[in-house]
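Enquirer: what shape does this take:
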Amino acid sequence: MLKSPLRRYLPVLLFMCVTFLMTMGVLGQEEAAAAAEGGGTHAEEKTLWETIIEGGPLLMIIWVAIVGTSVIMVTLIVQNIMTMKADKLAPPALVQSLQQTIGAGNYQEAWEICNQNKNYLGNVLKAGLSRIGRGKEAVEDAVAEHGLREATLMRTRNSYLSVIGVVSPMIGLLGTVIGMIGAFAVLGAQGIKNPQALAARIGEVLIATASGLFIAIPAFVAYYIFRNVSQKVIVLADDTVNNLLLDIPYEELAGVQIGENFNAGGGGRATGGARKVSMALTTNCPVCGGAVSPGANPCPHCAATLDWAA
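Expert: Next comes the predicted model:
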């Protein structure tokens, strides 16, 4: 499914394709007229559309495929222009909000902000915050894993332009070959009675190959441009994610659960739920940070249930 902003461009793209076909039809008609005048005989003037119809269902399918690939190509180009921007992957307003939230230690609130913003920064940072209680290494692994996933999705969408660049000339060549088969079949049956008309017919079928190249060239150019742009914006977005996670005190947050199962009481701190506490290593509540005696349950400060470990 196309996103709603792109649906507004579909009528324009379809209009461009129809205009392109009509232009080729006019050219085909002019070629037929010129061939008739040059031959000195009266020849029936045909547009390219009439020639396509006479070519049979297979040739019509090929032209539909050519038009379809052109629509998809322009749609992908518009979509990449709209999405492959640094301020789309990491919106400045979102970055500022997360800087304030994470700087204040409200990690659950930061996770909720990321959950509400479905973009590169939100998805990657959300995965890192979900593992914040497991230590710095786990957070870095989550960020790298989800960053690669988001980058792959973006590059996959762009790779379709390369596919179109390869396939469209082949589709056009197939249409030309089918048209040439018909032209030479007429030549074999009737002989060379009107070479001008035969040359005009060959010129018409070659338009299919030209159309395929007309689609392939901008598709390849756009593919390589957007490939370089995607690498640049992804690097900038990754730097933003790493800067947001730079000063997090992972040791103090050991065992904290961030995400849907986090029982938040306010300010990004939990007020309930069981937390394992080592009797040998700490005398502070991992929930509120208040001093507790080993074995005390619940916490006298926040009433959290503590699961003391040996």
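Enquirer: CA atoms for contacts and neighbours, from now on please.
Expert: Will do.
Enquirer: which segments of this structure make up each domain?
Expert: 4-87+148-244, 271-310 (automatic domain parsing).
Enquirer: mean pLDDT for those domains: which is lowest?
Expert: Lowest mean pLDDT within those: domain 271-310, at a mean of 61.
Enquirer: so which residues of the protein form helices?
Expert: Taking DSSP state H as the test, the helices found in the chain are 4-7, 10-39, 48-54, 57-83, 86-89, 92-103, 107-116, 120-130, 136-190, 195-244.
Enquirer: nearest to residue 257, out of these?
Expert: helix 120-130 (7.2 Å; C-alpha to C-alpha).
Enquirer: and residue 207, how many neighbours?
Expert: Around residue 207 there are 20 other residues, counting by other C-alpha atoms under 10 Å.
Enquirer: for residue 132, give me the pLDDT.
Expert: Predicted confidence (pLDDT) for residue 132: 87.
Enquirer: dump the residue contacts of residue 167.
Expert: Going by C-alpha atoms under 8 Å, 6 or more residues apart in numbering, residue 167 touches residue 216.
Enquirer: I'd like the numbering to begin with 55 instead of 1 from here.
Expert: Done: numbering now begins at 55, and the last item shifts to residue 221.
Enquirer: do you know how far it is from residue 134?
Expert: Between residue 221 and residue 134 the computed distance is 20 Å (C-alpha to C-alpha, to the nearest Å).
Enquirer: okay, now residue 208: neighbour count?
Expert: Neighbours around residue 208, by other C-alpha under 10 Å: 19.
Enquirer: repeat that for the one 5 residues further on.
Expert: When counting by other C-alpha under 10 Å, one arrives at 18 neighbours for residue 213.
Enquirer: got the contact list for it?
Expert: residue 277.
Enquirer: which residue packs closest to residue 271, ignoring adjacent ones?
Expert: residue 219 (6.7 Å; C-alpha to C-alpha, 6 or more residues apart in numbering).
Enquirer: how close does that neighbour get to residue 164?
Expert: 42 Å.
Enquirer: equivalent analysis for residue 131, please.
Expert: Distance from residue 131 to residue 164, by C-alpha to C-alpha: 33 Å.
Enquirer: what number of residues lie near residue 238?
Expert: Residue 238 has 14 nearby residues by other C-alpha under 10 Å.
Enquirer: just residue 347 next, same as before
Expert: Residue 347 has 13 nearby residues by other C-alpha under 10 Å.
Enquirer: how about residue 212?
Expert: 23.
Enquirer: nearest residue to it other than its sequence neighbours?
Expert: That would be residue 277: by C-alpha to C-alpha, 6+ apart, it lies 6.3 Å from residue 212.
Enquirer: pull the contacting residues for that neighbour.
Expert: Residue 277 neighbours (C-alpha under 8 Å, 6+ apart): 212-213, 215-216.
Enquirer: take these and lay them out in a markdown table including distance to residue 188.
Expert: What follows is the contacts of residue 277, written out as a markdown table (distance: C-alpha to C-alpha, whole Å):
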| residue | distance to residue 188 |
| --- | --- |
| 212 | 35 |
| 213 | 36 |
| 215 | 41 |
| 216 | 41 |
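Enquirer: so which of these comes closest to residue 120?
Expert: residue 215 (14.0 Å).
Enquirer: is that closest one in contact with residue 130, as I believe?
Expert: Yes. Residue 215 is within contact range of residue 130, at 7.3 Å (criterion: C-alpha atoms under 8 Å).
Enquirer: okay, the two: which has more neighbours?
Expert: residue 215 (26 against 22).
Enquirer: neighbour count winner among residue 131 and residue 164?
Expert: Counted by other C-alpha under 10 Å, residue 131 and residue 164 do not tie: residue 164 has more neighbours, with 24 against 17.
Enquirer: enumerate every residue touching the more buried one.
Expert: 152, 155-156.
Enquirer: hey, which of the helices of the chain is tucked in deepest?
Expert: Per residue and on average, the most neighbours among these fall to helix 174-184, with a mean of 24 (mean count of other C-alpha atoms under 10 Å).
Enquirer: just to revisit the earlier point, columns distance to residue 354 on top of the helices of the chain, output as JSON lines?
Expert: Shown next, in JSON lines, are the helices of the chain (distance: least, C-alpha to C-alpha, whole Å):
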{"stretch": "helix 58-61", "distance to residue 354": "53"}
{"stretch": "helix 64-93", "distance to residue 354": "64"}
{"stretch": "helix 102-108", "distance to residue 354": "85"}
{"stretch": "helix 111-137", "distance to residue 354": "51"}
{"stretch": "helix 140-143", "distance to residue 354": "44"}
{"stretch": "helix 146-157", "distance to residue 354": "27"}
{"stretch": "helix 161-170", "distance to residue 354": "23"}
{"stretch": "helix 174-184", "distance to residue 354": "28"}
{"stretch": "helix 190-244", "distance to residue 354": "30"}
{"stretch": "helix 249-298", "distance to residue 354": "33"}
